[in-house]
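Enquirer: Coordinates for the following, if possible.
(2 chains)
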Amino acid sequence: MRYPFPVGRSDFIQGDEAIARAAILAGCRFYAGYPITPASEIFEAMALYMPLVDGVSIQMEDELASMAAIIGASWAGAKAMTATSGPGFSLMMENLGYAIMTETPLVLVDVQRGGPSTGQPTLAAQGDIMQAIWGTHGDHSLIVLSPSTVQEAFDFTIRAFNLAEKYRTPVVLLTDAEIAHMRERVYVPQPGEIEIIDRKLPASEEEAKFPFGDIHGDGVPPMPIFGKGYRTYVTGLTHDERGRPRTVDAEVHEKLVRRIIEKLERNGKDIISYETFELDDAEIAIISTGIVSRSAVRAVKILRERGVRAGMLKLNTIWPFDFEMIEELAERVRKIYVPEMNLGQLYHLVKEGANGKAEVELIAKIGGEVHTPMEIAERVVG
Amino acid sequence: MYLKSAYEIRDKYLRKDMLPTIFCPGCGIGSALQYTLRAIDDLKLNPDEIVWVSGIGCSSRVPGFVNFDGLHTTHGRALAFATGIKLANPDLKIIAFMGDGDAAAIGGNHFIHAIRRNLDVTVILINNFTYGMTGGQVAPTALKGLRGTTAPYGQFENPFDIADLAVSAGANYVARWSVFNYLQGINSIKKALQKEGFTLVEFLSPCPISFGRRNRMKTAPELLRWYQKITVPLAKAKKMPPEELEGKIVIGEFADRDRPGLVREYEAYKKRAKKMMGWEE
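Expert: Reported below is the predicted structural model:
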């Protein structure tokens, strides 16, 4: 297969460009979107590449339609993606809920910018953390990944597709304007170098009769895609294992919604990813995600030079959230700092995880600039 | 046309475990569904290659009752979902079953853009002038003066003429009938299913429970008689002065043309892209 960009070597590219290239290497062949700053370059790259790899790139009339189209494409068998920013992400919430309820694998990239509303289109923020986790209505769960470099934007995009396919769920790649427009050296691998996971398809007619059951006992039903003769009915209404609407049956609702949530919960070990830096002997922990964790690493170095035993925890997966791991950490350290580019969203999760075992302090910054390492270090020293 | 018995059609295409349907006595959706299944049967289309798509509302429950692949989506967005299905697998034929509120109000934008793109889909649109499932609120198709629970003193807004809108937006085939025009209805669906691009067959359909009851037409026969009174065949309408057409609904075939569909356009676009990049001659 011929690729419209160099593979097997490094390239100096933007975060948005990296996401587009990674998606194509992960097997994405359907992209639907609506232009929005700072996510448009993903769309523009997809528009350039997709026709060349026999994929589809289409500009829809709005974000609701973009999300709808990728769900449709996924049920027709394609790996599909869309990308947006805060205001568009809000519009996608309706069909994101539909994708969760119908267990549709797809990747949704949210390049965060300053909000609320149309806010600061060209400046970075981390204000969509809560929206990514809890934005759509009803009890639900999904996977949220957060890269901090352009290389991670690339790697996490591939991981996002793999997790989506493996667990039959939407995955949100939560990046920001800073990473989107920053240029960094990225290694773009040969297709053979990366592990690609494809969705589980029904092995028999019998299996296909239960597109929303738990026939393998792992909570992830095989997905009978359209056009294979299985005659599958997919609805956003509460449905039984066969996909038939059962809207007033409490037991059916409970079984379905719990399975959707638990299939991710019980695979937390596989899904949750984090990195630590100087954390083993730390008495001060800095917990951050995305672009801010780059300042946090430097802050730890500054603090160590000053004799403060600081360490850092960088969350690559924001949801599912490892509350137990945070509690264990809280038992070991004196204080936890949470620097983030909002007025406290990750902070709430960390505080809940710490469970009173350590003091948790928010280092909030909004307006579009990333925390400087000194800003974080100075708050810690006091 | 030889008409098979309705039982034969039912047994061949409906999901027995989903019956009875949710439809009220006197509802016209079942008729429009039967016409669609008869058209499929007459054309000997392969059910494995057809996907039914719908949004929200009474008519949107149809894909659940037919034994085909089906996607029952969010309110108004059926055609946006359909765009993804069709472009991801152009071998599939798509039938979108939708209501007037679904298509023209919340889904209005998706509707006109799917037509503008000439998305390859056959839309069977149930127009009963009301939001039936939520209990009889006015729809954007409701003629002035008609009552609904959200316009208890009679609709004061202008209605959409859906067929007219579809013709202007560029649909390849547009027809409108009431559900008692069954032969014309079946023939129109057959034509629609055989054409590429966007095709629409709109049915004026009785909703005695939510709509008729509030407009002094409590039974299906009363509504059908009203449809007979207010509908005017296209040929006749052309000869009528505009003031006489006030409050009337024209029925017939409004468009029948062969603009290239979205799938064909995209295939050509892919070729162009490869040529421009020097990948292909």
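Enquirer: And the helices in chain B, which stretches?
Expert: Here chain B has its helices, by DSSP state H, at B:6-13, B:29-43, B:62-65, B:78-88, B:100-101, B:108-117, B:162-169, B:182-194, B:220-230, B:234-239, B:242-245, B:262-276.
Enquirer: and the ones you listed, which is most packed in?
Expert: Ranked by mean neighbour count, the helices of chain B are led by helix B:78-88 with a mean of 31 (mean count of other C-beta atoms under 10 Å in any protein chain shown). Yep, even glycine has a C-beta here, placed from its N, CA and C like the rest.
Enquirer: got the angle between it and helix B:262-276?
Expert: With axes from the mean of the first three to the mean of the last three C-alpha atoms, to 10 degrees applied, the angle from helix B:78-88 to helix B:262-276 works out at 50 degrees.
Enquirer: Averaged pLDDT, the lengthiest strand in chain A. What do you get?
Expert: What stands out as the longest strand in chain A, according to DSSP state E, is strand A:106-114. Across strand A:106-114, the average pLDDT comes to 98.
Enquirer: from the stretch 1-150 of chain B, which residue is nearest to chain A?
Expert: Relative to chain A, the nearest point of the stretch 1-150 of chain B is B:Gly84 (2.9 Å; C-beta to the nearest C-beta).
Enquirer: wait, isn't that residue in contact with A:Gly77?
Expert: No: B:Gly84 is beyond contact range of A:Gly77, at 10.9 Å (criterion: C-beta atoms under 8 Å).
Enquirer: ok, the nearest residue to B:Ala163 once chain neighbours are set aside - how many residues close by?
Expert: The spatially closest residue to B:Ala163, leaving aside those adjacent along the chain, is B:Arg176, at 4.5 Å (C-beta to C-beta, 6 or more residues apart in numbering or on different chains). Neighbour count for B:Arg176, taken as other C-beta atoms under 10 Å in any protein chain shown: 28.
Enquirer: where does the stretch 151-281 of chain B come near chain A, residue by residue?
Expert: B:266, B:269-270, B:272-274, B:277, B:279 (C-beta under 8 Å from any C-beta of the partner chain).
Enquirer: for the stretch 251-382 of chain A, what spans make up the strands?
Expert: A:274-277, A:284-289, A:310-315, A:317-319, A:335-340, A:359-364 (DSSP state E, counting those that start in this stretch).
Enquirer: Convert the C-alpha atoms of the fifth one to PDB, please.
Expert: Presented in PDB, the C-alpha positions along strand A:335-340 are these (Å, rounded to 0.1, in the frame of the first residue of the first chain):
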ATOM      1  CA  LYS A 335       0.800  17.200  49.400                       C
ATOM      2  CA  ILE A 336      -0.500  16.900  45.800                       C
ATOM      3  CA  TYR A 337      -0.500  19.800  43.400                       C
ATOM      4  CA  VAL A 338      -2.700  19.800  40.300                       C
ATOM      5  CA  PRO A 339      -1.600  22.400  37.700                       C
ATOM      6  CA  GLU A 340      -4.100  22.600  34.800                       C
END
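Enquirer: Note down every partner strand of that strand and its orientation.
Expert: Paired neighbours of strand A:335-340 in the sheet (DSSP bridges): strand A:284-289 (parallel), strand A:359-364 (parallel).
Enquirer: quick one: contacts of the last one?
Expert: Strand A:359-364 is contacted by residues A:330, A:334-340, A:342-344, A:347, A:350-351, A:354, A:371, A:375-376, A:379 when judged by C-beta atoms under 8 Å, 6 or more residues apart in numbering or on different chains.
Enquirer: mind listing the helices for chain A?
Expert: For chain A, the helices defined by DSSP H occupy A:15-26, A:40-49, A:63-75, A:86-101, A:129-134, A:150-167, A:177-181, A:205-208, A:250-265, A:268-271, A:292-305, A:323-332, A:346-354, A:373-381.
Enquirer: now those in JSON lines, with mean neighbour count and mean pLDDT?
Expert: Listed next are the helices of chain A as JSON lines, based on neighbours: other C-beta atoms under 10 Å in any protein chain shown; pLDDT from 0 to 100:
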{"stretch": "helix A:15-26", "mean neighbour count": "28", "mean pLDDT": "98"}
{"stretch": "helix A:40-49", "mean neighbour count": "22", "mean pLDDT": "98"}
{"stretch": "helix A:63-75", "mean neighbour count": "31", "mean pLDDT": "98"}
{"stretch": "helix A:86-101", "mean neighbour count": "22", "mean pLDDT": "98"}
{"stretch": "helix A:129-134", "mean neighbour count": "20", "mean pLDDT": "98"}
{"stretch": "helix A:150-167", "mean neighbour count": "25", "mean pLDDT": "98"}
{"stretch": "helix A:177-181", "mean neighbour count": "25", "mean pLDDT": "98"}
{"stretch": "helix A:205-208", "mean neighbour count": "14", "mean pLDDT": "96"}
{"stretch": "helix A:250-265", "mean neighbour count": "16", "mean pLDDT": "98"}
{"stretch": "helix A:268-271", "mean neighbour count": "14", "mean pLDDT": "96"}
{"stretch": "helix A:292-305", "mean neighbour count": "21", "mean pLDDT": "98"}
{"stretch": "helix A:323-332", "mean neighbour count": "17", "mean pLDDT": "98"}
{"stretch": "helix A:346-354", "mean neighbour count": "21", "mean pLDDT": "98"}
{"stretch": "helix A:373-381", "mean neighbour count": "18", "mean pLDDT": "97"}
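Enquirer: okay but B:Asn215 is in contact with B:Gly145, surely?
Expert: No: using C-beta under 8 Å, B:Asn215 makes no contact with B:Gly145, being 9.2 Å away.
Enquirer: more neighbours, these two?
Expert: More crowded of B:Asn215 and B:Gly145, by other C-beta under 10 Å: B:Asn215, with 22 against 12.
Enquirer: quick one: B:Thr149 and B:Gly135 touch, right?
Expert: Yes: between B:Thr149 and B:Gly135 there is a contact under C-beta under 8 Å: 6.1 Å.
Enquirer: Can you name the residue of chain A nearest chain B?
Expert: Across chain A, no residue is closer to chain B than A:Gly72, which sits at 2.9 Å (C-beta to the nearest C-beta).
Enquirer: who's in contact with B:Glu253?
Expert: By C-beta under 8 Å, 6+ apart, B:Glu253 lies in contact with B:173-175, B:188, B:234.
Enquirer: at 7 Å instead, please
Expert: Neighbouring residues of B:Glu253 by C-beta atoms under 7 Å, 6 or more residues apart in numbering or on different chains: B:175, B:188.
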